[in-house]
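S.K.: can you look at this prediction? I've put the sequence above it.
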Amino acid sequence: MTLIRDILKAKRPTFSFEIFPPKPDAPLETVYETVSALRIHKPDFISVTYGAAGSSRSRTVDIASMVRNRWGQVALAHLTCIGSTRAQVTEVLEELDQENVSNILALRGDPREGEAPSDFRYALDLIRQIRAGQFGDFCIGAAAYPEGHIECDSLEEDILRLKLKTDAGADFLVTQLFYDNEIFYRFMDLAARSGISVPVVAGVMPVLNARQIGRIVSLCGASIPPKFARIMSRYEHAPDALREAGIAYATEQIIDLVSWGVAGIHLYTMNRPDIAERIMKNIGTIRESVTRER
Ligand code: FAD
């Protein structure tokens, strides 16, 4: 049983990937190919989203189990609580425990229209339920927002709530994507001053097409720094060039984060192992030279 908190204690920086379940009408095998291609890069863990962007929730446990038991990778199962009852969450925890998936990214999720009333209000409530529960010694991750969560009035307020999540038992944090590393460094400073001491893994999402940028800004409110905006507008109508620029930008971001001393890089792969491969190749020598057992 490998817990991510132990990996983060033993090694720095970690490199990990996020994947999402295929749509309900697509065969599960498509994700097998994705995992099979990603594992070549020896990720420290692979996370599987839960119902994100309207995708199926039921496949997360199956895929996380496959990542863990078929491919012998460390799996991080995302789990959201909004719209769920305590009994439903207990059921998922029991399944994860049975499948030996011992790492959970505990999230609130976003309310869906017409969803049943929930026993949960915040991710904090889920973290407390997992910590109080009877199933296994789960390692718990939680979400962090370098620019503040979109619903929150201020970054400072959001960080105080983040501290409640770590006080309740979150072992590590994974951030929302960002395109300006300085924002991440400022956030890290504020988090440390608020007494948050768990490792923070930086989420990096390469931009691959123009449509994606609009979605990113409207869904999570990420700032677009001038350099990034220039690149995006220059290649907006040249899909291949935009993809190349997106890969180069993500590579540069990672090199800078690693130089700064980040605890880990979590690459949002969007189930595109070809893109992950390009980025991992770009940083291959750097990864080898900086990764230290602690
Ligand atoms: P919370 O920590 O509960 O915060 C939500 C809001 O409530 C914030 O504004 C916060 O400031 C406020 N708040 C928190 N605690 C309190 C309190 N005690 N009192 C008052 N206000 C409070 N979504 C999915 O559906 N599936 C996924 O797989 C998924 N994976 C993600 C992975 C990462 C790394 C990240 C960053 C996000 C992911 N999301 C996913 C999106 C996430 O569910 C949304 O961003 C959601 O809106 C907030 O989730 P949270 O866990 O951060 O919520």
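M.R.: Cool, the structure landed. Residues are numbered from 1 along each chain as shown.

S.K.: where do the helices sit along the stretch 51-200 of the chain?
M.R.: Chain-ordered helices for the stretch 51-200 of the chain, with DSSP state H, counting those that start in this stretch as the definition, fall at 59-65, 86-98, 123-132, 155-167, 181-193.

S.K.: in JSON lines: the ones you listed, plus distance to Ile140, mean neighbour count and mean pLDDT.
M.R.: In this view, the C-beta of every residue, glycine as well, is placed from N, C-alpha and C. Rendered in JSON lines, the data for the helices of the stretch 51-200 of the chain read as follows (distance: least, C-beta to C-beta, whole Å; neighbours: other C-beta atoms under 10 Å; pLDDT from 0 to 100):
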{"stretch": "helix 59-65", "distance to Ile140": "14", "mean neighbour count": "23", "mean pLDDT": "95"}
{"stretch": "helix 86-98", "distance to Ile140": "11", "mean neighbour count": "17", "mean pLDDT": "94"}
{"stretch": "helix 123-132", "distance to Ile140": "6", "mean neighbour count": "20", "mean pLDDT": "97"}
{"stretch": "helix 155-167", "distance to Ile140": "9", "mean neighbour count": "18", "mean pLDDT": "98"}
{"stretch": "helix 181-193", "distance to Ile140": "17", "mean neighbour count": "16", "mean pLDDT": "98"}
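
S.K.: turn the ones you listed into JSON lines, including distance to the ligand.
M.R.: Conversion of the helices of the stretch 51-200 of the chain to JSON lines gives the following (distance: least, C-beta to the nearest ligand atom, whole Å):
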{"stretch": "helix 59-65", "distance to the ligand": "8"}
{"stretch": "helix 86-98", "distance to the ligand": "13"}
{"stretch": "helix 123-132", "distance to the ligand": "3"}
{"stretch": "helix 155-167", "distance to the ligand": "4"}
{"stretch": "helix 181-193", "distance to the ligand": "12"}
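
S.K.: can I get the ones you listed in TSV with distance to Pro225?
M.R.: Listed next are the helices of the stretch 51-200 of the chain as TSV, based on distance: least, C-beta to C-beta, whole Å:
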stretch	distance to Pro225
helix 59-65	33
helix 86-98	38
helix 123-132	28
helix 155-167	17
helix 181-193	8
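
S.K.: what is the end-to-end distance of stretch 76-88?
M.R.: From the first residue to the last, stretch 76-88 extends over 19 Å; the measure is C-alpha to C-alpha, to the nearest Å.

S.K.: in that stretch, what's buried?
M.R.: For stretch 76-88, the neighbour count (16 or more other C-beta atoms under 10 Å) marks 76-84 as buried.

S.K.: ditto for stretch 200-212
M.R.: By neighbour count, with 16+ other C-beta under 10 Å as the criterion, the buried positions of stretch 200-212 are 200-208, 212.

S.K.: that stretch: end-to-end distance?
M.R.: 25 Å.

S.K.: no further queries at this time; thank you.
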